[in-house]
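Participant: model this:
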Amino acid sequence: MQAEERQFLIEQHLQKVEFASLEELSEKVDVSVSTVRRDLTLLETKGTIRRTHGGARLVTPKSDEFAFTARDTHQLSEKDAIGQAAAELVQPNQGVIVDAGTTAYHVAKHLGGKASHIITNSLPVANHFGSDNSAEVLVTGGVIYPRLGVLVGPLAVESLSKMHADVAIMSGGGITMDGITNSHALLIDIQRAMLQSAQRIIFCLDHTKFNRRSVSPLCELDAIDTIVTDAQAPADLVGQLKQTNTQVVIAS
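Facilitator: The predicted model follows:
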């Protein structure tokens, strides 16, 4: 593959996903990480992408599809019901990991006075607890993506790998009987670190995520203890999930 073709594919991929790691881009165009670095350096001179620690991001995204503020306007009543139901599953004084999804953010809003400490890579979650003295808040390191309200990258993964919590509150881009998927490899890297760092895993997914596959696989169903969803979740898939070892909670 010629350099021009690789760079076109890299830029096209970033137009779809907005940011990506070097490893993800390397796999996408089937070349070494060092070659991807050189391609990114050339693309950066065009002004369309910007290199970051461990990857690259689009300078001017074409839509608000991935922006936290835009996503948090969707299914608000369902997300708040899920948030309350999931928070009720957390026992007093437990340590809780909260990921950067908008549904997980609604869980965080109901955790005040309950969790002993909150571990998060979500800027909105950290900001929410900024004036709340009831919980100690630990924020991961990493690269800030302001539109997404998230910290990602190798530093975020490394910091989470050294932490432990009783519960992880997580979200994803889709769920089928094959497991959970999500939209970005960088998000998946840090979510997998969360899976390893928590004793109990709770996924909070509104009904629009059911029978949907996002870009990349995150985990299989046997990695999950509980799924919290809303009453509009499709009964057929909910029934299949209940037949596994996964607990399903329907928020009223």
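Participant: State the distance from the residue nearest to V29 when sequence neighbours are not counted to G101.
Facilitator: Setting aside the residues directly before and after it, V29 is nearest to R6 in space (Cβ to Cβ, 6 or more residues apart in numbering), at 4.6 Å. (Each C-beta comes from the backbone N, C-alpha and C, glycine too.) As judged by Cβ to Cβ, to the nearest Å, R6 and G101 stand 32 Å apart.
Participant: which SS class is the closest residue to D222 other than its chain neighbours?
Facilitator: Computed as Cβ to Cβ, 6+ apart, the closest residue to D222 that is not its neighbour in sequence is N245, at 6.9 Å. Secondary structure for N245, judged by DSSP: H, G, I helix; E, B strand; the rest coil, is coil.
Participant: Surely N245 is in contact with A223?
Facilitator: No. Taking contacts as Cβ atoms under 8 Å, N245 lies outside contact range of A223: 10.8 Å.
Participant: Of those two, give the one with the bigger neighbour count.
Facilitator: Taking neighbours as other Cβ atoms under 10 Å, N245 and A223 compare with A223 leading, 15 against 10.
Participant: Would you confirm that the more buried one contacts I201?
Facilitator: Yes. The pair A223 and I201 qualifies as a contact (Cβ under 8 Å) at a distance of 6.3 Å.
Participant: so what sits against both of the two?
Facilitator: Common neighbours of A223 and I201, using Cβ atoms under 8 Å, 6 or more residues apart in numbering, are L195.
Participant: which residues of this protein score low on pLDDT?
Facilitator: Applying pLDDT under 70 to the chain flags residues 61-75.
Participant: got the domain boundaries for this protein?
Facilitator: With domains defined by automatic domain parsing, the chain comprises 3-58, 69-251.
Participant: gap between the shortest one and the chain center?
Facilitator: Domain 3-58 sits 21 Å away from the centroid of its parent chain (Cα atoms, centre = their mean, to the nearest Å).
Participant: And that domain, end to end?
Facilitator: Start and end residues of domain 3-58 are separated by 19 Å (Cα to Cα, to the nearest Å).
Participant: part of a strand, is L89?
Facilitator: No. L89 sits outside any strand when classified using three-state DSSP, being coil.
Participant: List the residues that contact it.
Facilitator: Each residue near L89 by Cβ under 8 Å, 6+ apart is listed here: 167, 202, 226, 228, 249.
Participant: For those residues, give me a markdown table that also has neighbour count and secondary structure.
Facilitator: Converted to a markdown table, the contacts of L89 look like this (neighbours: other Cβ atoms under 10 Å; DSSP: H, G, I helix; E, B strand; the rest coil):
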| residue | neighbour count | secondary structure |
| --- | --- | --- |
| V167 | 24 | strand |
| I202 | 26 | strand |
| T226 | 17 | strand |
| V228 | 28 | strand |
| V249 | 16 | strand |
